[in-house]
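Q: Got a sequence here, can you model it:
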Amino acid sequence: VSMQALKGSIAERVKGVMEAGCDGALHCNGNFQEMMDVANNVPVLQAQAKTRFEASFKHIETLTSFDEKEALALLEENWCQLS
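A: Numbers count the residues shown, from 1 in each chain. Got it, this is the predicted structure:
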């Protein structure tokens, strides 16, 4: 909601996406006041939305370690596919 693709304030955008049927609103620019506006305008997850949200965690891998050199090599190897 912070990418300026929608009109209105952050709060209005969040209300709009929720009214459109989304389970939640994605905000990712790090502006704390905007984060508060988002948090204050999304409802508590219930019913099917809550079930879908909880099920999504089954697809998240937890890192046990991070090798920066390995990650950079992997990025370099796959860069042409990303751009």
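Q: pLDDT score for the residue nearest in space to the middle of the chain?
A: For the chain, the residue nearest the mean C-alpha position is Leu26 (4.1 Å; CA atoms, centre = their mean). Looking at Leu26, its pLDDT reads 85.
Q: On the three-state scheme, it is what?
A: coil (DSSP: H, G, I helix; E, B strand; the rest coil).
Q: Which residues are in contact with the residue nearest to it when sequence neighbours are not counted?
A: Setting aside the residues directly before and after it, Leu26 is nearest to Val1 in space (CB to CB, 6 or more residues apart in numbering), at 6.8 Å. Glycine gets a C-beta too; all of them are placed from N, C-alpha and C. For Val1, the contacting residues are 10, 13-14, 17, 25-27, 38, by CB atoms under 8 Å, 6 or more residues apart in numbering.
Q: Would you check how far apart the residue nearest to the centre of the chain and Leu74 are?
A: Plainly put, Leu26 is 26 Å away from Leu74 if you go by CB to CB, to the nearest Å.
Q: try Glu12
A: In terms of CB to CB, Glu12 sits 40 Å off from Leu74.
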